[in-house]
Structure formats: C-alpha cells, structure tokens
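A.B. asks: Sequence and predicted model, in that order:
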Amino acid sequence: MVGKKPVNVILQMIFAVIPILNFYASYKIQKLRLWFLIFGVGGFIFELVQTRFFFGEEYYISFGSFEGRLPESVILFTIIFVILQVFVMRIWSKKWNESFIDENKISQ
C-alpha cells in the first residue's frame, strides 16, 4: 500500500491521461475503485452506446473498420473524456492534500 502523504497535483493530472499510470494515480489517493467505476465501466458503456447509435447497426454487429479515418464523434468523445479525467483527478488530489492540512491543524 502506498503511504498516506500529500501528492503532487500537477503530476497526478499528467498521470490521469496516461493509460496505466492513471490507475496508479488514483490508487495513491485511495480512489482506485471509484476511478475504475467512473472511467472504466462508464467509458466502456458509453463507447458501446456511441458505436451503436453513431455508426449504425452494421458496425455494431460486425465491428468493421473506420476505413482509414476516425469519425468526429470519436475525436470529440476522446477530448471530453481526457478533460474530464484531468478535472476529476485535480479535484480528488486537492481534497486528498487538504485532508493532511486539516490533520495538522487539529494536532496542533
């Protein structure tokens, strides 16, 4: 288990967009299960819905190719998803750091 100590918020935000390091960053602030629930399961479900409605029944059934180009909806979803990950990691990391400041004030 990672020790309970304040984290570098900027580094946590960078880790949030790197695929394996995002799990480590959420683990450091003890939010791994919630991170996986929101961005793992939620992202998977949204991708299935997006695939079904934006690309049609044929793509959903056969999982065909994009024929060399990415649809605009996939690009837009990826940008929104990354911004949301960074924003959530920033909020959680700040709250994590504030908990140590509050503990120091109480102990003094």
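C.D. replies: Okay, I see it. Residues are numbered from 1 along each chain as shown.

A.B. asks: Quickly find the element holding Ile80.
C.D. replies: According to DSSP states H and E, Ile80 maps onto helix 72-107.

A.B. asks: Show me what that helix is packed up against.
C.D. replies: helix 9-16, helix 21-28, helix 42-62 (3 or more Cβ pairs under 8 Å, 6 or more residues apart in numbering; DSSP states H and E). Yep, even glycine has a C-beta here, placed from its N, CA and C like the rest.

A.B. asks: which helices and strands does the second one pack with?
C.D. replies: Contact partners of helix 21-28 among helices and strands, from 3+ Cβ pairs under 8 Å, 6+ apart: helix 9-16, helix 32-35, helix 72-107.

A.B. asks: Single out the most deeply packed of the ones you listed.
C.D. replies: Most buried of the helices and strands packed on helix 21-28, by mean neighbour count (mean count of other Cβ atoms under 10 Å): helix 9-16, with a mean of 18.

A.B. asks: Run through this protein and note the low-pLDDT ranges.
C.D. replies: Counting by pLDDT under 70, the ranges of the chain that qualify are 1, 50-71, 73, 102-108.

A.B. asks: Spatially central residue for it, please.
C.D. replies: Ranked by distance to the mean C-alpha position of the chain (Cα atoms, centre = their mean), the top residue is Gln85 at 3.8 Å.

A.B. asks: that older thread, can you give me the angle the helix holding Ile80 makes with helix 9-16?
C.D. replies: 140 degrees (axes from the mean of the first three to the mean of the last three Cα atoms, to 10 degrees).
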